[in-house]
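>>> give me a model of this one.
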Amino acid sequence: MYYFTVRTRGNDNSRSTAATTVSATPSYEGPVWWVATNGSSSNAGSVNSPFSTIQDAYNAAAAGDTIKLKPGTYTGTGNRNIAIAKNIVITSRGGADSTSLDLQNNNYRHFTIGTTTTLDTGVVFIGLTFKNSNYSSTGGSIYVYNSSPRFKNCVFENNRAYSGSGGALWIKDNNDTHLTSPVFQNCTFNNNSAKSNGGAIFIQGYEGTPLFRSCTFNENNALSTYSQYSNNYGGAVYLYSNDTTFTASFADCVFDSNKAESGYYSGYWGAVYAVSYNEDTRPLKFPRSYFRGNTAKG
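Alright, predicted model coming up:
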């Protein structure tokens with residue numbers, strides 16, 4: 001808080017009596033907006049006065065700003081079902097091991113990223129764990145469309161699409177004019193599951209180029225029971241392409257112990273399933289990637 005008063009000086013250097021003192025507190029204007037589990041929605045958003053939810057920080061932030069999470073587990077309203085429609089960086093102070101967004105097995109996503117126009121690469125997530133979604137449709141944790149976000153050093157764990165595909169992610173080009181080309185660097189997909197296809201990721205492509213670099217896919221499952229009467233494709237990843245220019249790349253990645261298993265029909269492609277509706281498309285590349293112990297059965 002700052003205090004102000006006014007005095008006048010005459011031609012003979014005499015000074016008047018001080019006017020009434022007034023005070024003012026400057027507002028915090030970022031560009032880094034802090035969030036902590038013990039913060040408050042009525043706080044300013046500074047490092048010493050953090051918000052309590054990511055939604056509070058997103059509402060305060062301008063395009064190009066950064067939201068920084070202090071270590072902790074973030075749950076509840078304001079930390080789920082967040083729609084990202086402006087370029088923003090969301091990062092942790094302590095890394096994915098100490099900072100998690102936990103949906104507590106409820107029917108929510110963590111984020112939906114996209115607009116009616118294309119977002120560029122300015123949406124960035126760094127050092128976060130996204131876990132324990134139990135979503136009723138495709139894309140259990142995050143839905144990406146018309147945008148090209150960057151994810152670095154993030155973990156997707158125990159997310160589920162219990163009636164759809166893509167236990168952790170749904171990546172979709174809505175049409176061939178809005179490219180969707182996210183990049184995942186050094187991310188881990190562990191024990192995500194889907195009732196239908198793509199235990200971790202479900203990708204629909206037109207002209208985008210999703211890139212996964214140095215990522216690990218471990219024990220993800222496209223899994224259904226006998227009573228669900230379902231085929232299952234791609235224990236870790238399911239992809240279909242509608243355009244000759246679409247290519248997804250998995251460079252220096254590891255696919256370990258993923259499973260596609262149907263209790264009634266068939267399970268296909270334990271690690272990755274890809275299909276193209278254009279015979280000239282080559283929708284997937286796997287430079288220097290490693291596959292071990294993936295299974296398909298039904």
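>>> make it CA atoms for all contacts and neighbour counts henceforth
OK.
>>> which intervals of the stretch 1-150 of the chain have sub-threshold pLDDT?
Scanning the stretch 1-150 of the chain for pLDDT under 70 picks out 1-14, 16, 18-19, 21-26, 116-119.
>>> quick one: terminal-to-terminal distance for stretch 192-206?
With CA to CA, to the nearest Å applied, stretch 192-206 spans 25 Å between its terminal residues.
>>> starting at the chain centroid, how far to that stretch?
15 Å (CA atoms, centre = their mean, to the nearest Å).
>>> then stretch 29-47?
Using CA atoms, centre = their mean, the offset of stretch 29-47 from its chain centre is 21 Å.
>>> which of the residues in that stretch are buried?
For stretch 29-47, the neighbour count (16 or more other CA atoms under 10 Å) marks 30-37, 39-41, 43-47 as buried.
>>> buried stuff in the helix or strand containing residue 101?
Using DSSP states H and E, residue 101 sits in strand 99-106. Judged by neighbour count using 16+ other CA under 10 Å, the buried positions of strand 99-106 are 99, 100, 101, 102, 103.
>>> that strand: what's the following helix or strand?
In N-to-C order, the element after strand 99-106 by DSSP H and E is strand 111-113.
>>> neighbouring strands - and their directions - for whichever helix or strand comes after that following strand?
The first helix or strand that comes after strand 111-113 along the chain, using DSSP H and E, is strand 124-126. In the sheet, strand 124-126 lines up against strand 89-92 (parallel), strand 150-152 (parallel) (DSSP bridges).
>>> that older thread, hmm, who's touching the strand holding residue 101?
69-76, 79-80, 92, 109-110, 127-135 (CA atoms under 8 Å, 6 or more residues apart in numbering).
>>> would you list the strands that it pairs with, along with their directions?
strand 72-74 (parallel), strand 129-135 (parallel).
>>> the longest one: what's the following helix or strand?
Towards the C-terminus, the helix or strand next in line after strand 129-135, according to DSSP H and E, is strand 142-145.
>>> which residues touch that next one?
109-115, 168-174, 180.
>>> please name the strands paired to that strand in the sheet, noting orientation.
Strand 142-145 is paired, per DSSP bridges, with strand 111-113 (parallel), strand 169-172 (parallel).
>>> beta partners for the closest residue to residue 290 other than its chain neighbours?
Distances taken as CA to CA, 6 or more residues apart in numbering place residue 254 nearest to residue 290, at 4.8 Å, with adjacent residues excluded. Taking DSSP bridges as the rule, residue 254 bridges to residue 216, residue 290.
>>> hang on, isn't residue 254 packed against residue 215?
Yes: if you go by CA atoms under 8 Å, residue 254 and residue 215 touch, sitting 6.5 Å apart.
>>> of the two, which one has the most company?
Between residue 254 and residue 215, residue 215 has the larger neighbour count (other CA atoms under 10 Å), namely 23 against 20.
>>> got the contact list for the more buried one?
If you count contacts by CA under 8 Å, 6+ apart, then residue 215 has 184, 185, 186, 187, 188, 189, 250, 252, 253, 254 around it.
>>> state the pair within these that is farthest apart.
The distance between the two most remote of those (CA to CA) is 14.4 Å, for 189 and 252.
>>> of these two, who's got more company?
Legend: neighbour count by other CA under 10 Å for residue 189 and residue 252, higher for residue 189 (26 against 16).
>>> mind listing what's buried along stretch 110-123?
For stretch 110-123, by 16+ other CA under 10 Å, it's 110, 111, 112, 113, 114, 115, 118, 119, 120, 121, 122, 123.
>>> who does the second one form a beta bridge with?
Residue 111 forms beta bridges with residue 82, residue 142, as assigned by DSSP bridges.
>>> which ones are touching it?
Counting by CA under 8 Å, 6+ apart, residue 111 touches 80, 81, 82, 83, 84, 141, 142, 143.
>>> for residue 158, state which of the residues you listed is nearest.
Closest to residue 158, out of all of those and judged by CA to CA, is residue 141, at 9.6 Å.
>>> what separation do you get for the residue sitting nearest the centre point of the chain and residue 27?
Of all residues in the chain, the one closest to the mean position by CA atoms, centre = their mean is residue 142, 5.3 Å from it. Distance from residue 142 to residue 27, counting by CA to CA: 33 Å.
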